[in-house]
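Colleague: Return atomic coordinates for the entry below.
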Amino acid sequence: MANEFYALMGRMRYITRWGLMRNTFSENISEHSHQVAVLAHALALIRRDILKLDGPDPDHCAVAALYHDASEILTGDMPTPIKYYNPEIKDAYKQVERIAGERLLTMIPAQLREAYEHLVLEDDEAVNPIVKAADKLSAHIKCLEEQKAGNTEFDSAAKQTWDAMKAMDREELDWFLDNCLGAYSLNLDQL
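Modeller: You can find the predicted model right below:
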């Protein structure tokens, strides 16, 4: 049957992230996807309008980011230490994500499937680097917010996400880190 897709998207709010960590506040994949969309849009704009580099359309990056974890509606959120434990597990999980994405596509009206295919399957090679950078940035921001609340359990994750972002060697991400990330340590009055 087709047409369950949109109802399933609404269930993103029930899937929590960071399941192996003690969290000061919980985060679900709906909140995370929204933040990644905002960040992907910003990174693509920075790339185009500040750095004057070629890249994918910022609006397309934002939409792709909204759906980047859609398969987790069916699979749940696999903790990073497990997902990346070794190449075999990583490859197997990628296959599980692909199968879940293909199943989600069957739940979209046939006339709309083509429009969602690249979003759900995350196979747009121009957009993926921006979305992946935004995804890692979102994870790092979560670590900073937890640290700001006094939760030292996120110290190693903060270092790991920082190192991963720097290893991406993305000019737009580096610009954001240099010019925008500091504001995340401010409270509302300081902002």
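Colleague: any idea which residue sits dead centre in the chain?
Modeller: The residue at the geometric middle of the chain, judged as the C-alpha nearest the mean C-alpha position with Cα atoms, centre = their mean, is residue 135 (3.1 Å).
Colleague: how about stretch 65-85: buried residues?
Modeller: In terms of neighbour count (16 or more other Cβ atoms under 10 Å), stretch 65-85 has its buried residues at 65-74, 77, 80. Glycine gets a C-beta too; all of them are placed from N, C-alpha and C.
Colleague: pLDDT of that stretch, averaged?
Modeller: Confidence over stretch 65-85 (mean pLDDT, whole number) is 82.
Colleague: what about that stretch, distance to the chain center?
Modeller: Its chain's average C-alpha position is 9 Å from that of stretch 65-85, according to Cα atoms, centre = their mean, to the nearest Å.
Colleague: which other residues reach it?
Modeller: Contact partners of stretch 65-85, identified using Cβ atoms under 8 Å, 6 or more residues apart in numbering, comprise 8-9, 11-12, 15-20, 29, 32-34, 36-37, 39-41, 89-90, 93, 96-98, 100-101, 103-104, 116, 119-120, 122, 131, 134-135.
Colleague: ok, now stretch 55-62?
Modeller: 37-38, 40-41, 43-45, 47-48, 124, 126-127, 130-131, 134, 172.
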